[in-house]
Structures are given as C-alpha cells and as structure tokens.
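[1] A structural model of the following input is requested.
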Amino acid sequence: MKFALIPIALVVAIAAGCGGGGGTAVAGNNSYAGSYSGNYAVQALGGSGTMSLTISAAGAISGTNVDNNSGNGTITGTISDTGTVNAQVVYQTRTDMLSGTLTKNNQGQIVGNLTVVVNGQNATLSVTLSPTGGGGNSHAFSGSYSGSFVSGAGTGTVNSCTISADGTVAGTLTDEMGEKGTLSGTIQSNGVFQASGTYPTYSVTMSGTLSKNAQGQIVGTITVVYEGQSMSTTITLNPS
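    Residues are numbered from 1 along each chain as shown. The predicted structure follows:
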C-alpha cells in the first residue's frame with residue numbers, strides 16, 4: 001500500500017515544479033507570468049502583425065505590437081490566472097479594446113482568440129505567442145506548486161515543489177502513511193518527466209507526461225515504480 005502512495009507523491013512533486021508556470025516565468029503566482037512574442041491576425045478586417053508582451057506576477061500586461069495596417073501600438077491590460085484578458089492597444093489615431101480568454105499549451109505558448117473592438121466594430125483576433133528567453137525563465141512548467149496525488153493505495157500530499165528554468169525539479173512530499181520525503185529529477189517543456197523520490201525507509205522512481213491546464217494546474221496520470229512494482233497515479237497540482 002505504501003509503495004503506491006509514495007511513488008505518486010514523488011511524481012506529483014516532479015510534475016509540479018515551481019513557479020507561475022508559463023513562458024518566461026517570473027516570480028509570482030500568475031500562471032501566465034513571463035515574456036512572450038509572436039503573431040496575430042484579424043481576418044475579418046484584413047489585419048495582422050507581430051506582438052511582444054511582458055506579463056507580471058500580478059497579471060499586468062505591458063508590451064508593443066506592429067500592425068500591418070495601423071503601425072506601432074502600445075499594449076496595456078491584465079490577464080487573470082485562468083487566462084481572462086482585458087486590455088487595450090493604443091495607436092497614434094485610435095485605441096482598440098481586447099477581451100476574451102487565452103490558454104497556455106504544453107510548449108508554454110499563449111494561444112487563442114480574443115474579441116477586438118476597432119472603431120466600434122467587433123472582430124476576432126487570433127494570436128500565438130511563444131516564450132522568449134530574456135528576463136526570466138523559459139520553461140513551460142517553471143514555478144512553485146502544491147497539491148495532491150491519488151492512487152489505489154490512497155491520497156498523498158505534495159507540500160512544495162520547484163521547477164527551475166532548465167527543468168530541474170526539487171521538492172518535498174508526504175505519503176499516505178505520513179512519511180516525509182524529498183524528490184529530484186527533470187521535466188521537459190512538453191511535460192515529459194523522470195524523477196526519483198527518497199524517503200527514510202524506501203525510494204521510488206517515476207515517469208510519464210504531464211500537462212498544464214488553463215487554470216495553471218499541472219495535471220495528469222503517471223507511472224510510479226516501487227521495488228519493481230508499477231502503479232498509475234493521478235496528480236493535481238495548483239500554483240502556489
């Protein structure tokens with residue numbers, strides 16, 4: 001029974017990692033915090049361009065864009081931890097309003113469709129923004145997390161976990177029997193991870209692929225191995 005829970009805990013910790021979990025993440029809790037750049041298009045209006053954004057730990061957006069029709073613009077606004085956007089783009093002759101919900105994929109890109117209001121007319125703006133290397137972490141899972149893991153043996157807790165910009169994972173957890181342990185390993189930007197967990201009386205290994213949802217949670221099912229036995233474990237980690 002213990003073996004099942006313990007592997008789960010370790011796995012969870014690994015998957016969780018640390019940080020706000022996004023592109024070029026910075027210290028803080030917003031899962032989108034970081035620096036990004038990419039392209040957008042407004043097909044209904046024949047518009048397109050490039051965009052560069054910085055999102056703070058509190059979700060404040062600042063940046064610039066270059067539009068093929070309107071020239072240079074300045075972007076300000078907010079994005080919530082669930083991806084809800086309220087922002088404006090100020091050009092020399094007008095101000096456009098942006099609203100809607102974006103998501104982050106396993107590569108750390110911010111993607112989705114927003115409603116843009118141009119001179120009173122609503123249109124759809126499609127955007128894909130990729131994490132950039134400057135000013136922060138570029139790992140899709142980097143950040144700080146805590147959460148729980150569930151297997152046939154019971155439920156355990158991931159007390160804390162940190163994932164660095166290079167994907168290094170370190171943290172602490174508690175198994176279903178209350179025994180505390182440490183974990184170490186790696187997780188790639190596409191969610192693939194490998195790690196080991198060490199408790200006072202035993203150790204485990206874990207592997208699998210995790211993903212990050214629109215709420216910034218790290219979720220998935222991984223395989224944990226204890227003394228040659230494998231068990232599936234479901235993980236849910238919340239940004240902390």
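[2] Which residues are in contact with residue 111?
    102-105, 127-129 (CB atoms under 8 Å, 6 or more residues apart in numbering). All C-beta atoms are positioned from the backbone trio N, CA, C, and that covers glycine.
[3] Go through these and flag which are in strands.
    Among the contacts of residue 111, the members falling in strands (DSSP state E) are 103-104, 127-129.
[4] for the residue in the chain sticking out farthest from the centre, helix, strand, or coil?
    Distance from the centre of the chain peaks at residue 93, with 36.1 Å (CA atoms, centre = their mean). With DSSP: H, G, I helix; E, B strand; the rest coil as the basis, residue 93 sits in coil.
[5] Not counting sequence-adjacent ones, nearest residue to it?
    Closest residue to residue 93 apart from its sequence neighbours, by CB to CB, 6 or more residues apart in numbering: residue 70 at 7.8 Å.
[6] mind checking how far the one you found is from residue 200?
    Separation of residue 70 from residue 200 (CB to CB, to the nearest Å) stands at 63 Å.
[7] Tell me which of the two has more neighbours.
    Counted by other CB atoms under 10 Å, residue 70 and residue 200 do not tie: residue 70 has more neighbours, with 18 against 8.
[8] tell me the contacts of that one?
    Here residue 70 is in contact with 47, 91, 93-94 (CB under 8 Å, 6+ apart).
[9] Repeat that for residue 180.
    Residue 180 neighbours (CB under 8 Å, 6+ apart): 159, 172-174, 199.
[10] hmm, which of those residues are the buried ones?
    159, 172-174, 199 (16 or more other CB atoms under 10 Å).
[11] and of the residues you listed, the nearest to residue 208?
    residue 173 (16.1 Å; CB to CB).
[12] shouldn't the closest one be in contact with residue 181?
    Yes: counting by CB atoms under 8 Å, residue 181 is a contact partner of residue 173 at 5.8 Å.
[13] Can you name the residues that contact residue 74?
    63-64, 89-90.
[14] what do you get for residue 94?
    Residue 94 neighbours (CB under 8 Å, 6+ apart): 70, 118-119.
[15] still on that earlier bit, taking the contacts of residue 74 one by one, which sit in strands?
    Reading strands off the contacts of residue 74 with DSSP E, I get 63-64, 89-90.
[16] Can I get the contacts of residue 111 in a markdown table including neighbour count, pLDDT and distance to residue 152?
    Converted to a markdown table, the contacts of residue 111 look like this (neighbours: other CB atoms under 10 Å; pLDDT from 0 to 100; distance: CB to CB, whole Å):
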| residue | neighbour count | pLDDT | distance to residue 152 |
| --- | --- | --- | --- |
| 102 | 20 | 95 | 37 |
| 103 | 15 | 92 | 32 |
| 104 | 26 | 87 | 31 |
| 105 | 14 | 84 | 31 |
| 127 | 24 | 94 | 42 |
| 128 | 16 | 92 | 40 |
| 129 | 27 | 91 | 41 |
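[17] Quick check: residue 129 touching residue 34?
    No: Residue 129 is beyond contact range of residue 34, at 9.7 Å (criterion: CB under 8 Å).
[18] Stretch 163-172: end-to-end distance?
    Length of stretch 163-172, first residue to last, CA to CA, to the nearest Å: 12 Å.
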